[in-house]
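Student: got a sequence here, can you build the structure:
(one chain, ligands or ions: 1)
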Amino acid sequence: MSHLFNVYPLYDIEPVRAQGSYLWDSIGDRYLDLYGGHAVISVGHTHPRYVGALTEQLNRIAFYSNSVRVSLQEELAEKLGAASGYPDYALFLCNSGAEANENALKLASFHNGRTQVVAFRKSFHGRTARAVAATDNPSIVAPVNYSKHVSFLPFNDPEAARAGISEETCAVIVEGIQGVGGIQVASDAFLRALRQRCDETGAVLILDSVQCGYGRSGKFFSHQFSGIDPDLMTTAKGMGNGFPIGGVLISPKFKAAYGMLGTTFGGNHLACTAAIAVLDIMRDENLVENAARVGEYLMNGIRQIGGYKDLRGRGLMIGIEYDFPVEGLRNSLLFEHRMFTGVAGKHTIRLLPSLALGVQEADLFLEALAKEVRVVS
Ligand SMILES: Cc1ncc(COP(=O)(O)O)c(C=O)c1O
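Tutor: Sure, this is the predicted structure:
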């Protein structure tokens, strides 16, 4: 009998080794990883530079608290600012995406003293108190999380945004590309309307970039396609390539005060080392450009195969929606072709591979998909 609290439906597969875009299970079978452990594996599994940096750091010092100087945090802030195109934004480090959003909402409220949060239909912001209250899925919002301070507007509706954001609004939190919501790309007009309305009302604009950020879209942040600058950006997932770390990038207009935010583990030596290695590898191996290029290649291949109802996404964040439930298709990809994919809802396959995915691996997926779509249709 399992002694784990049983909240995850599991595949009966145990990866015990991984390299690049591949996983090996306990009986030695190899799998192509087009899911990246839920958009987490950014530079590829067990990248030698990443492993080397972490091993070396572990042998030196793994942890001390935020009561002393950790210069790795400063190095990370500088490198993240440069890589993302936000060199004048400050960085607050924490441990996960939910925590990043929680801190962003707190910062917004400290900043303008307001309480009302605007979020959007089909949003997912994590499972902590206010992050889950701003998540449009009542089944994961416990009564203790429910908040009358949060209202939901339709996604990609600039008019509704203009009407729904007011001088009462503390913060507007939005994903640049909705992940759990089915790979819905925020339109330029929508993001620009949010920016404009936040400027008019003094509301804080938070771009939850936990899933769509860190190069996945083919730009460092997906909202950079729309030419807007948020007040706060939250990151996690790909930031540590599997080592837990999250962060909030904070516009210079926010003033820090001792004690206003804090965490025991956030910004620890190992997490910073992992995140610095990720940024160094992304830069030296041009992984943002690779995500754009291989993403485009995959999209074109999927278009040629056809048989879908809708194809959405940017870079290596791709949703293929079918007019039938995709469970059978995913199972065939997993058990016959040995390929991990993700899902959103019942009808959409989600691809969230490493940003280092090669054209060869993309071809393997396209071949398998073509075969399976032919079987289904
Ligand atoms: C857009 C978005 N925000 C926040 C989160 C929560 O991140 P975490 O699970 O690290 O708390 C997720 C996780 O899937 C996410 O996709």
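
Student: switch to C-alpha atoms for all contacts and neighbour counts from now on
Tutor: OK.

Student: quick check: nearest residue in space to Leu91, chain neighbours excluded?
Tutor: For Leu91, the nearest residue in space outside its immediate sequence neighbours is Leu249; the separation is 4.8 Å by CA to CA, 6 or more residues apart in numbering.

Student: in terms of secondary structure, what does the strand or helix carrying the one you found contact?
Tutor: When elements are assigned from DSSP states H and E, Leu249 belongs to strand 246-250. Packed against strand 246-250, as judged by 3 or more CA pairs under 8 Å, 6 or more residues apart in numbering; DSSP states H and E, are the following elements: strand 90-94, helix 97-112, strand 232-235.

Student: winner for burial among the ones you listed?
Tutor: By mean neighbour count, with neighbours taken as mean count of other CA atoms under 10 Å, strand 232-235 ranks first of those at a mean of 28.

Student: buried stuff in stretch 78-85?
Tutor: For stretch 78-85, burial by neighbour count (16 or more other CA atoms under 10 Å) applies to Glu78, Lys79, Leu80, Gly81, Ala83, Ser84.

Student: and the fourth one, what helix or strand is that in?
Tutor: What that stands for is Gly81. If you go by DSSP H and E, Gly81 is part of helix 71-84.

Student: which residues does that helix contact?
Tutor: Applying CA atoms under 8 Å, 6 or more residues apart in numbering, the external contacts of helix 71-84 come out as 86-91, 214, 220-221, 267, 269, 272-273, 275-276, 279, 283.

Student: how about 7 Å then?
Tutor: When contacts are taken as CA atoms under 7 Å, 6 or more residues apart in numbering, the neighbours of helix 71-84 outside the stretch itself are Pro87, Asp88, Tyr89, Leu91, Phe220, Gly267, His269, Cys272, Thr273, Ile276.

Student: which positions in the stretch 151-300 of the chain make contact with the ligand?
Tutor: In this structure, the stretch 151-300 of the chain approaches the ligand at residues Glu175, Gly179, Asp208, Val210, Gln211, Ala236, judged by CA under 6 Å from any ligand atom.

Student: okay, those in JSON lines with secondary structure, pLDDT and distance to Tyr22 next?
Tutor: As requested, these are exported to JSON lines (DSSP: H, G, I helix; E, B strand; the rest coil; pLDDT from 0 to 100; distance: CA to CA, whole Å):
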{"residue": "Glu175", "secondary structure": "strand", "pLDDT": "98", "distance to Tyr22": "28"}
{"residue": "Gly179", "secondary structure": "coil", "pLDDT": "98", "distance to Tyr22": "23"}
{"residue": "Asp208", "secondary structure": "strand", "pLDDT": "99", "distance to Tyr22": "28"}
{"residue": "Val210", "secondary structure": "coil", "pLDDT": "98", "distance to Tyr22": "23"}
{"residue": "Gln211", "secondary structure": "coil", "pLDDT": "98", "distance to Tyr22": "21"}
{"residue": "Ala236", "secondary structure": "coil", "pLDDT": "98", "distance to Tyr22": "22"}
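
Student: just the buried ones from these, in PyMOL syntax?
Tutor: Entered in PyMOL, the line below selects the buried ones among those, by 16+ other CA under 10 Å:
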select buried, resi 175+179+208+210+211+236
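
Student: what's the nearest residue to Ala236 if we skip its chain neighbours?
Tutor: Of all residues not flanking Ala236 in the chain, Gly246 sits nearest, at 4.0 Å (CA to CA, 6+ apart).

Student: same question but for Val150, I mixed them up
Tutor: Of all residues not flanking Val150 in the chain, Val117 sits nearest, at 4.7 Å (CA to CA, 6+ apart).

Student: what about stretch 272-292, average pLDDT?
Tutor: Along stretch 272-292, the predicted confidence averages to a pLDDT of 98.

Student: got it, and stretch 112-123?
Tutor: The average pLDDT for stretch 112-123 rounds to 98.

Student: hmm, it touching the ligand?
Tutor: No. Contact of stretch 112-123 with the ligand is not found when judged by CA under 6 Å from any ligand atom; the minimum separation is 7.5 Å.

Student: now that stretch: buried residues?
Tutor: Those would be Asn112, Arg114, Thr115, Gln116, Val117, Val118, Ala119, Phe120, Arg121, Lys122, Ser123, for stretch 112-123 by 16+ other CA under 10 Å.

Student: farthest pair in these?
Tutor: Checking the buried residues of stretch 112-123 against each other with CA to CA, the farthest-apart pair comes out as Asn112 and Lys122, at 26.5 Å.

Student: and the nearest residue in space to Gly113 that is not next to it in sequence, how far is that from Ile320?
Tutor: Distances taken as CA to CA, 6+ apart place Cys170 nearest to Gly113, at 7.4 Å, with adjacent residues excluded. Distance, Cys170 to Ile320, using CA to CA, to the nearest Å: 35 Å.
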